[in-house]
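A.B. asks: One predicted model, sequence on top.
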Amino acid sequence: MRQPSSEHNLVTHVNPKSPISEAYRSLRTNIQFSTLDHQIRVLMVASAKSGEGKTTTITNLAVTYAQEGKKVLLIDADLRKPSLHHLFQQSNRVGLTSLLFGQHALSEVIKDTNVDNLSILPSGPIPPNPSEILGSQRMQTLLEELKDMFDIILFDTPPILAVTDSAIVSSYCDGVILVVHAGKVKKSLVAKAKSNLDHVKAKLLGVVLNNNSRTRSNDHYHYYYGGNE
Ligand SMILES: Nc1ncnc2c1ncn2[C@@H]1O[C@H](COP(=O)(O)OP(=O)(O)O)[C@@H](O)[C@H]1O
Ligand SMILES: [Mg+2]
């Protein structure tokens, strides 16, 4: 997979028949089957550190849900280092934070993408107090409004060990996937990330082992059921 500097590099969008796209589809299917009792409608990908593949995974997952005909909203809740606007070549002048501060209407900030059924909500201007904003009552009300408008809502978040933001967002999610950059991140850090998620009672659905190495092109991606591996 190439550097996703724009949506033209989103493998599931440009090359839906590739084995990597197939892997993202099976991840989607595994998520669907991971809980029988309730539908997963709000989802995020967590990781211990940055660069493990959170944004790549959640974005490709968003595309596969959209390709299935679901109305999908991908929200940039990485208020420390937002990247979805780059990926989809949109402005970040307004976004989630503008909505939370009541400065703009939903229709002004939610952007269509080149992918049918997929909309994004960029982060908007970076605030001084991201954790507080993400944990606000206003955020919860907004999410309820968005759930009426979209079938699936996916959050891109910062690393779980760096700041509390992603633990806060996980409390809004029906499911959390932990992505681990295989071979690069120490086991103790992965264990710490998992215990942070357990601590806030996040519903961990499973672990994705992501291998960024470009030499093993057919073996990028493994999904483990159950989250305990
Ligand atoms: N499976 C993969 N194969 C190849 N490159 C990948 C893969 N997953 C992520 N990358 C690359 O690794 C870098 C970091 O990934 P990113 O999704 O931005 O991580 P995070 O959001 O966790 O910081 C990006 O340049 C991305 O293109
Ligand atoms: Mg990211």
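C.D. replies: Cool, the structure landed. Ligands and ions are numbered 1, 2, ... in the order given.
A.B. asks: where's the closest residue to residue 140 other than its chain neighbours, which helix or strand?
C.D. replies: Once flanking residues are discounted, residue 140 sits nearest to residue 172: 7.1 Å by C-beta to C-beta, 6 or more residues apart in numbering. No exception for glycine: its C-beta is placed from N, CA and C like everyone else's. Using DSSP states H and E, residue 172 falls within no helix or strand.
A.B. asks: same question, residue 27
C.D. replies: Residue 27 belongs to helix 19-34, assigned by DSSP H and E.
A.B. asks: ok, residues contacting the very next helix or strand once past that helix?
C.D. replies: Per DSSP H and E, the first helix or strand lying C-terminal to helix 19-34 is strand 42-46. Applying C-beta atoms under 8 Å, 6 or more residues apart in numbering, the set of residues contacting strand 42-46 from outside is 31, 53-54, 57-58, 61, 77, 143, 147, 152-157, 159-160, 166, 169-170, 172-179, 193, 197, 202, 208.
A.B. asks: Now do the helices in this structure.
C.D. replies: 11-14, 19-34, 54-67, 84-87, 96-100, 106-109, 130-134, 137-149, 165-170, 187-199 (DSSP state H).
A.B. asks: Ligand 1 versus the nearest residue to residue 57 once chain neighbours are set aside, what's the distance?
C.D. replies: Excluding the flanking residues, the one nearest residue 57 by C-beta to C-beta, 6+ apart is residue 45, at 4.8 Å. Separation of residue 45 from ligand 1 (C-beta to the nearest ligand atom, to the nearest Å) stands at 8 Å.
A.B. asks: coming back round to it: between the helices of the chain, which one is closest to residue 41.
C.D. replies: For residue 41, the closest of the helices of the chain is helix 137-149, at 6.5 Å, according to C-beta to C-beta.
A.B. asks: other SSEs contacting the closest one?
C.D. replies: Packed against helix 137-149, as judged by 3 or more C-beta pairs under 8 Å, 6 or more residues apart in numbering; DSSP states H and E, are the following elements: strand 72-76, helix 96-100, helix 106-109, strand 152-156.
A.B. asks: Can you get me a residue count around the residue of the chain found nearest ligand 2?
C.D. replies: In the chain, the residue that lies nearest ligand 2 is residue 55 (3.3 Å; C-beta to the ion). Neighbourhood size, residue 55 [other C-beta atoms under 10 Å]: 25.
A.B. asks: quick one: it and residue 88 touch, right?
C.D. replies: No: the pair residue 55 and residue 88 does not pass the contact test of C-beta atoms under 8 Å, sitting 11.3 Å apart.
A.B. asks: So, low pLDDT: which residues of this protein?
C.D. replies: 1-9, 213-229 (pLDDT under 70).
A.B. asks: if you set the cut-off to 90 instead, what comes out?
C.D. replies: Applying pLDDT under 90 to the chain flags residues 1-9, 32-39, 102-103, 162, 182-184, 210-229.
A.B. asks: Could you pick out the residues of it near ligand 2 for me?
C.D. replies: The chain has residues 54, 55 near ligand 2, with proximity defined as C-beta under 5 Å from the ion.
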